[in-house]
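1. Let's see this in three dimensions:
(one chain, ligands or ions: 2)
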Amino acid sequence: MGLPVDDAHNPPRPPASTAPAGGRAWSNRPPGSPPVVTVPSPPAGSADSHRSTEGDIRAVLRIPQFRRLWLALTLSSLGDWMGLLATTALASSLQAGFSEKAYAIGSVLIVRLLPALIFGPFAGVVADRLDRRLTMVVADVLRFGLFASIPLVGTLAWLLIASLLIECVSLFWNPAKDASVPNLVPVQRLATANTLSLITTYGSAPLGAAIFSLLATLSRALGSSVSFFKTSPLDLALYFNAGTFLVSAVVIFGLRGIGRANRLDAEANPGLWSSITEGLRFVGRDRMVRGLVVGILGGFAGAGCVVALGRLYVQILGGGDSAYGVLFGAVFVGLATGMALGPRVLGDYSRSRLFGLSVTAAGVTMLLVAVVPNLVLACVLVVFVGAFAGIAWVTGYTLLQAGVSDELRGRTFALVQSLVRVDLLLVLAVAPGLVGLIGSHHLDLWGHLRVRTDGVTIVLLSGGLLAVAVGLFAYRQMDERKGVAVLPELWNALLGRRAAPERPRHAGLFIALEGGEGSGKSTQVERLRSWLASSGREVVVTREPGGTALGVKLRELLLDPAARLHPRTEALLYAADRAEHVSRVIEPALARGAIVVSDRFIDSSIAYQGAGRQLGADDIAMLSRWATRSLLPDVTILLDIPARTGLARVRARASGNGSRHERPTDRDRGGVPGRDDSSPFSRHDAVPSRQAAGKAAGKDRDGPTPGVDVSGASTPGASTPGAEAPGATAPGVDRIEAEELSFHERVRDGFRQLAERTPDRYVVLDADRSPDTVHNQIRNVVTGYLRRGEDDGPGAPRPQATSDSASKEPSAAVPVRPPPPERPAPPDRPTHTRASPDSATISPAPGPADSVSPADPAGPVGSADHADPSDLARGTERSEPPASGTRTGTEATDPTDDPETAWVPDNLPTASGRSSR
Ligand SMILES: Nc1ncnc2c1ncn2[C@@H]1O[C@H](COP(=O)(O)OP(=O)(O)OP(=O)(O)O)[C@@H](O)[C@H]1O
Ligand SMILES: Cc1cn([C@H]2C[C@H](O)[C@@H](COP(=O)(O)O)O2)c(=O)[nH]c1=O
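-> Ligands and ions are numbered 1, 2, ... in the order given. Just a heads-up that it's a prediction; the model follows:
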């Protein structure tokens, strides 16, 4: 058996005749196409789908034939690890000089790797042509004989030849075993069977090391009285090892369930060369895989140094064979611990970061191992090296599985395995050679301080440095959370808190408009869009539900008054719409640096489903967070209005007396024609939502609702002339609008509570004012955010505000970290900001001269929309920063100001990120 190589990702193929219906499809693969293995999940609702891994393992071990095979695997693995220890130790003991010992150990390791490198790709094909049971039995008997011959012959030359032959024989044993598993285990238990094989292969290492140490100690103790043990204390370990293969042969001989393969396929394993070329292109292209491969190779190089130099290292620290066994075992105890505990302890910590960090940590620990003067301490440190390596291995493996598409996964793994072998071979060849070249030295400093400068120390130090370098490289390649501090996040993960899932930076700005029914969101979104259009930046206007092609259908369903949806179904459908919306429209736009304006977002769900439907704000927030991968707007503008007033507007609109802003078109939104962002807006200049809902007549006309005072003097809650009683179903009123007044009041409270709890990203505006007044206030808010963006530099990436799932606050309104904008300039000081290709040249709301005319409330008479873009482009004057505290809330210090249009929201975050409140 060779150096254990993980084979779980290369599950063996069953004979065609035994492939279960609906199971894995092996046949009809076109020549040259990558093998795609589909292991179906257990049927829904079956007991299997609910069982724990532990339960699965017990279930698979209850299959007698598999239990036998597993026993044989355990024995073979045990023998293999012990064989590695015993042969390297014996090779060392057969040489006299320091350098000669190093060369001998290196040679043993090279001969154990070489056959896999040369014959590995063919061994699977050969094993498929022979009777598998016989193949394994013969291989085990041969290994028994070869191992037993090593102490009998007792020369280094034979040790090397025997090791080479053992390795060649093992190459046939492994695929025969792998190919047999599906014949013994039902298809739904295959994954567990493979996991168990993996655990056994690696888990037997510490046991092998322990037995090796025990036998070495026993031999030494017996050496004084029994001459056999005096000459070679390692012989006992080698005979024991040979015995494990003999027992394995007997166990397998009794396994009648496996035999000759029913099906032959010459393409069972891609050749080494084609593995390399096929995967190479992909690995070279993909940043994450590139980082992973480099990290894995670096990790193996470091581990290779420890394996290659372990015996000499122990000797330098004054230890013998027993200590070597302990040290070797320590690596694997660490590996197993890291593999088992790492993913549990670090739970949701970013895998891509964890990989690079653990390789780096293994490297740093290796540096300590290299210089530590004490053997016990060295063993403890080596456990940590192993643990970090184990975490890196499991994490890297999972990342490769999850991050590489099915069709490329096999080739990628094949490439990784081939490269790992080449890597190990090089390290094992070079490291002892280097040690030999450097020799054994030390420096005496100040007469009493002895510094080791021998080859082992220098090479271990170099290995550690290499691991640190590749760990950092992998980290940089793979980090998707640039700008997010590493240590606090790691600390949170260690404390069992889920780290704040901060998102990658982007260069865009995400603005959400929220509010109850009829609060004027659509009206204001449209005005904001046309104002922002002058900025020269891409502006993407979108909405929820219905921001994507799928979303339009969901919207139709969600708003259909005839639909009877359970509240939870409703919540899930809104979340589904949002997931699609975020991934297809918002994220790509933000990544391009666009300004995204969304009519409703996550907080609508928290207010409507959480508060309105009383499903609980926390649960709904969690659901949305999952759907959006924690994306939150940089700023949420809440248009606050009494429910009754908003509903009156809606009903007036529905009855044909109100107006509804048309949904913006692709061109209007500044979208890029031809860009398929899956938004229905970008494809059709249509008004999909209301029409799709098929019932909201009157919702798509411009202008405020007649009968509702839009002068800014309206009394909240008073403007309901002619409104139907809330809750009544009226034509043109959708399913949610038709809810009772109490529902909409809960929604309003829900929004207000959210704004109170998360002032950093909220601005609350009184929506019961004229459209122009509200628009000017929105402009003030947005100007602050845009200026902030300019200060960061044009197109500078913005740290993405995200929800903090680490928060244990009971509130659904989780703390966020938006970029705090500057307080906008007072509107009496019109500001021109410098035009730049990426940043907005936007003026804040105009002063009184630009005030809206109540006679034409819908039209932007001299309003913000009239901010002349050419003027702005010419302007170079920067606004004076407002004197702090000159204006808060609705208070105006300049008597010429219109107190409404000059309004600066009370809770606008300041540059420090705190609300001024
Ligand atoms: N400030 C305002 N004062 C009076 N009427 C307004 C005001 N803003 C908008 N309206 C009118 O109220 C109605 C609803 O406005 P709009 O469609 O913009 O609200 P909305 O919040 O998007 O509604 P919904 O919740 O249905 O999406 C429209 O007829 C619109 O013309
Ligand atoms: C996003 C979202 C929306 N809703 C409700 C709120 C409204 O009644 C409709 C959307 O229609 P609009 O008039 O175009 O705003 O859906 C909700 O209940 N939950 C949500 O998450």
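2. Check whether the residue nearest to Ala571 when sequence neighbours are not counted sits in a helix, strand or coil.
-> Excluding its sequence neighbours, the residue lying closest to Ala571 (Cβ to Cβ, 6 or more residues apart in numbering) is Gln609, at 4.3 Å. C-beta: built from backbone N, CA, C; applies to glycine. Assigned with DSSP: H, G, I helix; E, B strand; the rest coil, Gln609 falls in the helix class.
3. Gln609 against Ile620, yeah?
-> Yes. Using Cβ atoms under 8 Å, Gln609 is in contact with Ile620, at 5.0 Å.
4. Now for those two: what residues contact both?
-> Contact criterion Cβ atoms under 8 Å, 6 or more residues apart in numbering; residues bridging Gln609 and Ile620 by contacting each: Ala571.
5. State the helix or strand in which Phe172 lies.
-> Using DSSP states H and E, the element containing Phe172 is helix 156-184.
6. elements contacting that helix?
-> helix 64-93, helix 98-129, helix 132-153, helix 190-223 (3 or more Cβ pairs under 8 Å, 6 or more residues apart in numbering; DSSP states H and E).
7. and it with helix 64-93, angle?
-> 170 degrees (axes from the mean of the first three to the mean of the last three Cα atoms, to 10 degrees).
8. Going by neighbour count, which residues in helix 156-184 are buried?
-> 156, 159-184 (16 or more other Cβ atoms under 10 Å).
9. again, but for stretch 760-777
-> 760-777.
10. quick one: is it near ligand 2?
-> No. No part of stretch 760-777 sits near ligand 2 under the criterion Cβ under 6 Å from any ligand atom; the closest distance found is 13.3 Å.
11. what number of residues lie near Ser742?
-> 12 (other Cβ atoms under 10 Å).
12. if we can go back for a sec, ok now do the residue nearest to Ala571, which residues does it touch?
-> Neighbours of Gln609 in contact, by Cβ under 8 Å, 6+ apart: Pro567, Glu570, Ala571, Tyr574, Leu615, Ile620.
13. okay, the residues you listed in CSV with distance to ligand 1 next?
-> Below are the contacts of Gln609 laid out as CSV (distance: Cβ to the nearest ligand atom, whole Å):
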residue, distance to ligand 1
Pro567, 19
Glu570, 16
Ala571, 18
Tyr574, 14
Leu615, 20
Ile620, 18
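14. What subset of those residues is buried?
-> The buried subset of those - by 16+ other Cβ under 10 Å - is Glu570, Ala571, Tyr574, Leu615, Ile620.
15. Which helix or strand contains the third one?
-> Okay, so that is Tyr574. helix 567-581.
16. in the helix or strand following that helix, what counts as buried?
-> Counting by DSSP H and E, the next helix or strand C-terminal to helix 567-581 is helix 587-592. Residues Glu587, Pro588, Ala589, Leu590, Arg592 are the ones in helix 587-592 that count as buried (16+ other Cβ under 10 Å).
17. now swap in stretch 736-752 and tell me
-> 736-739, 743-748, 750-752.
18. Among those residues, which ones are in helices?
-> Phe743, His744, Glu745, Arg746, Val747, Arg748, Gly750, Phe751, Arg752 (DSSP state H).
19. Take those residues and write them to CSV, including pLDDT and distance to ligand 1.
-> Listed next are those as CSV, based on pLDDT from 0 to 100; distance: Cβ to the nearest ligand atom, whole Å:
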residue, pLDDT, distance to ligand 1
Phe743, 96, 13
His744, 96, 10
Glu745, 96, 15
Arg746, 96, 15
Val747, 97, 10
Arg748, 97, 12
Gly750, 95, 14
Phe751, 96, 12
Arg752, 95, 16
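20. Looks to me like Leu472 is in a strand.
-> No. Counting by three-state DSSP, Leu472 falls outside a strand, being helix.
21. which residue packs closest to it, ignoring adjacent ones?
-> Thr360 (5.7 Å).
22. pretty sure that neighbour is touching Phe473, no?
-> No. Counting by Cβ under 8 Å, Thr360 stays clear of Phe473, with 9.5 Å between them.
23. the more surrounded of these two?
-> For Thr360 versus Phe473, the count of surrounding residues by other Cβ under 10 Å is larger for Thr360: 23 against 18.
24. What is the helix or strand where the more buried one lies packed up against?
-> Here Thr360, judged by DSSP H and E, is contained in helix 351-371. The contact analysis (3+ Cβ pairs under 8 Å, 6+ apart) places helix 351-371 against helix 287-316, helix 321-345, helix 375-403, helix 455-478, helix 486-494.
25. Arg132 contacts Ala176, correct?
-> Yes. Contact criterion Cβ under 8 Å: Arg132 and Ala176 qualify, at 4.2 Å.
26. Is Val733 part of a helix or strand, or is it coil?
-> Per three-state DSSP, Val733 ends up coil.
27. try Glu514
-> strand.
28. how close does it get to ligand 1?
-> 9 Å (Cβ to the nearest ligand atom, to the nearest Å).
29. before we move on, what about Ser598?
-> 12 Å.
30. How about the contacts made by that residue?
-> Phe510, Ile511, Ala512, Leu513, Val541, Thr542, Arg543, Glu544, Gly547, His581, Ile586, Pro633.
31. Output those residues in TSV; the columns should cover neighbour count and distance to Ser322.
-> Shown next, in TSV, are these (neighbours: other Cβ atoms under 10 Å; distance: Cβ to Cβ, whole Å):
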residue	neighbour count	distance to Ser322
Phe510	28	63
Ile511	25	68
Ala512	28	67
Leu513	27	72
Val541	29	73
Thr542	29	69
Arg543	25	72
Glu544	25	67
Gly547	33	68
His581	28	64
Ile586	29	62
Pro633	24	63
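32. Among these, which one sits closest to Gly106?
-> Of all the contacts of Ser598, Gly106 sits closest to Ile586, with 56.2 Å by Cβ to Cβ.
33. Please name the residues that touch the closest one.
-> Applying Cβ under 8 Å, 6+ apart, the residues near Ile586 are Phe510, Val540, Thr542, Gly547, Val596, Ser598, Leu631.
34. Tabulate these in JSON lines, adding columns for secondary structure, pLDDT and distance to ligand 2.
-> Shown next, in JSON lines, are the contacts of Ile586 (DSSP: H, G, I helix; E, B strand; the rest coil; pLDDT from 0 to 100; distance: Cβ to the nearest ligand atom, whole Å):
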{"residue": "Phe510", "secondary structure": "strand", "pLDDT": "94", "distance to ligand 2": "15"}
{"residue": "Val540", "secondary structure": "strand", "pLDDT": "94", "distance to ligand 2": "17"}
{"residue": "Thr542", "secondary structure": "strand", "pLDDT": "95", "distance to ligand 2": "11"}
{"residue": "Gly547", "secondary structure": "coil", "pLDDT": "93", "distance to ligand 2": "9"}
{"residue": "Val596", "secondary structure": "strand", "pLDDT": "95", "distance to ligand 2": "15"}
{"residue": "Ser598", "secondary structure": "strand", "pLDDT": "96", "distance to ligand 2": "9"}
{"residue": "Leu631", "secondary structure": "strand", "pLDDT": "89", "distance to ligand 2": "14"}
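35. Quickly check those for the two that are furthest apart.
-> Of all pairs in these, the most separated under Cβ to Cβ is Val540 and Leu631 at 14.0 Å.
36. between the buried ones among the contacts of Gln609, which is closest to ligand 2?
-> Nearest to ligand 2, judged by Cβ to the nearest ligand atom, of these is Tyr574 at 3.8 Å.
37. and the nearest residue to the closest one once chain neighbours are set aside, what pLDDT?
-> The shortest distance from Tyr574 to any non-neighbouring residue, by Cβ to Cβ, 6+ apart, is to Ser605 (5.1 Å). On pLDDT, Ser605 comes in at 96.
38. What of Pro905?
-> 36.
39. before we move on, what about Gly55?
-> Gly55 is given a pLDDT of 56.
40. again with Glu526
-> Glu526 is given a pLDDT of 94.
41. give me the number of residues near it?
-> 21.
42. Could you do Ala336 as well?
-> For Ala336, using other Cβ under 10 Å, the count is 18.
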